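Asker: Provide a 3D model corresponding to the input given below.
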Amino acid sequence: MKRTLFRLAATVAATLALVTVSTAPSQAAVPDRKGWVLYNAPGAGTVASGTWPAATTVIPLAPAGRYQVVFPGQAAAGGVVHVTAINTVPHWCQVEAWGVSAADEIVILRCYKAGGFLDPTSFSAFFTSSSGLGAFGPYGYAFSSATGTVLNQYNSSGAANTVTPGPVGQYFVKFPGLVTGGPLDGSLQATAVNSGTGARCKIAKWSSTAAGQDVLVYCFNAAGAFMNTAFTVTYQYKVSLYGASIPPKYFGYVLNMPPVGPPTTNFNSIAGLSANTIVSAGAGLSLVTFPRIGFTPNTVQVTAYGPTPDFCGLNTFWGNFGPGPDIVVRDVNCFTSAGAPSSNGFLVSASSIL
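Answerer: Presented below is the predicted three-dimensional model:
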């Protein structure tokens, strides 16, 4: 049975034609498909150490600050996309749309500087799509509309994730069946999906209960006011950000509240709990080290944590250094809506293909 494979806004219609492909990927070990890219805006090219598949391409679109990412051979139904801006100047990136073209997964991104103006920047982007019950640990994601309708989702327990809208810009997400022991376990990423205006989403708080994971997502406009927007959110517990383990053998995550969160929110697949470190590197800057998991190609994603409209990204590309090798993130940077450095909380997740 054929299926139409683009959820693209009118602004994207001129860029990509609607296409169809036959049947979705078979249900197997998670994930069905995945891809990530590290893009160097000044150099206008991808960075091999942070890109998989290797042939992934990025095409700048008009107006400047929009990008088309092509993950070759990774076409899949549904899924989620996350993206992190990389710039020493305050920027964030969001998703405009994604879908498939023949065998490829196509993602359209929008990147903004503080104030809400589209602006070119480097970034790290990530896509995954899952089905079946093959995840190695509690893992799930959801793509929600601005009204709280779950447009697609995955839950490793087989349960259905739900999104309940609250006051403007506030969404209560439940991942039932993803039971971890509590009271606060694992890690999350959240990304705004909006094709018309600057939007940011973050994790305001969450709790790990006897029934699963309860997550509060906050979304804001460029000025820092609450706004309703579509978004993606992913939960992981002792698995990679794409839901698999062994492979990858090398992955980790850590919560900065600040300071660093409880041991159950600081996991390293090689070194165990509490092995990842966060050190202040100046106003709004945090040096994060993931020991012994720096095997490429790998990806790093960051999302802000807490109730304020502050946002976070990366100052520069992460590195893979030393005999470990270690992933060194120099640095996570966080800002107020006006672009001032902020000692905001954040969640950072790193995953390798190996």
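Asker: can you give me the strands for the stretch 1-150 of the chain?
Answerer: Per DSSP state E, counting those that start in this stretch, the stretch 1-150 of the chain has strands spanning 2-4, 20-22, 33-40, 45-46, 57-61, 66-71, 80-86, 91-101, 104-113, 117-118, 122-129, 139-144, 150-155. These are given in chain order.
Asker: who does Val348 form a beta bridge with?
Answerer: For Val348, the beta-bridge partners are Val254, Val302 (DSSP bridges).
Asker: let me see the contact set for it.
Answerer: For Val348, the set of contacting residues under the criterion of C-beta atoms under 8 Å, 6 or more residues apart in numbering consists of 253-254, 256, 288, 300-302, 329, 332. Any C-beta I mention is one placed from the backbone N, CA and C, and that applies to glycine too.
Asker: export the residues you listed to CSV and tack on pLDDT?
Answerer: As requested, the contacts of Val348 are exported to CSV (pLDDT from 0 to 100):
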residue, pLDDT
Tyr253, 98
Val254, 98
Asn256, 98
Val288, 98
Val300, 99
Gln301, 99
Val302, 98
Val329, 98
Val332, 98
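Asker: hmm, Ala54 is touching Pro297, no?
Answerer: Yes. With contact taken as C-beta atoms under 8 Å, Ala54 and Pro297 are classed as touching, separated by 7.5 Å.
Asker: in a markdown table: the strands of the stretch 1-150 of the chain, plus mean neighbour count and mean pLDDT.
Answerer: Conversion of the strands of the stretch 1-150 of the chain to a markdown table gives the following (neighbours: other C-beta atoms under 10 Å; pLDDT from 0 to 100):
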| stretch | mean neighbour count | mean pLDDT |
| --- | --- | --- |
| strand 2-4 | 10 | 32 |
| strand 20-22 | 12 | 28 |
| strand 33-40 | 25 | 98 |
| strand 45-46 | 16 | 97 |
| strand 57-61 | 16 | 98 |
| strand 66-71 | 22 | 98 |
| strand 80-86 | 26 | 98 |
| strand 91-101 | 24 | 98 |
| strand 104-113 | 24 | 98 |
| strand 117-118 | 13 | 98 |
| strand 122-129 | 26 | 98 |
| strand 139-144 | 28 | 98 |
| strand 150-155 | 20 | 98 |
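Asker: domain ranges for this structure?
Answerer: 34-129, 139-236, 252-352 (automatic domain parsing).
Asker: closest one to Tyr242 among these?
Answerer: For those, the distance to Tyr242 is smallest for domain 34-129, at 4.1 Å, taking C-beta to C-beta.
Asker: sorry, back to before: JSON lines please, covering the strands of the stretch 1-150 of the chain and showing distance to Ile293.
Answerer: What follows is these, written out as JSON lines (distance: least, C-beta to C-beta, whole Å):
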{"stretch": "strand 2-4", "distance to Ile293": "37"}
{"stretch": "strand 20-22", "distance to Ile293": "35"}
{"stretch": "strand 33-40", "distance to Ile293": "15"}
{"stretch": "strand 45-46", "distance to Ile293": "21"}
{"stretch": "strand 57-61", "distance to Ile293": "25"}
{"stretch": "strand 66-71", "distance to Ile293": "23"}
{"stretch": "strand 80-86", "distance to Ile293": "18"}
{"stretch": "strand 91-101", "distance to Ile293": "24"}
{"stretch": "strand 104-113", "distance to Ile293": "25"}
{"stretch": "strand 117-118", "distance to Ile293": "34"}
{"stretch": "strand 122-129", "distance to Ile293": "16"}
{"stretch": "strand 139-144", "distance to Ile293": "18"}
{"stretch": "strand 150-155", "distance to Ile293": "24"}
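Asker: reformat the domains of the chain as TSV; add distance to Ser245.
Answerer: Formatted as TSV, the entries for these read as follows, by distance: least, C-beta to C-beta, whole Å:
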stretch	distance to Ser245
domain 34-129	13
domain 139-236	9
domain 252-352	7
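Asker: right, and Val70 touches Thr46 too?
Answerer: No. Taking C-beta under 8 Å as the definition, Val70 is not a contact partner of Thr46, at 10.6 Å.
Asker: hey, what's in contact with both of these two?
Answerer: Contacts common to Val70 and Thr46, judged by C-beta under 8 Å, 6+ apart, are 56-58.
Asker: closest to Val89 among these?
Answerer: For the shared contacts of Val70 and Thr46, the minimum distance to Val89 (C-beta to C-beta) is 19.7 Å, reached by Val58.
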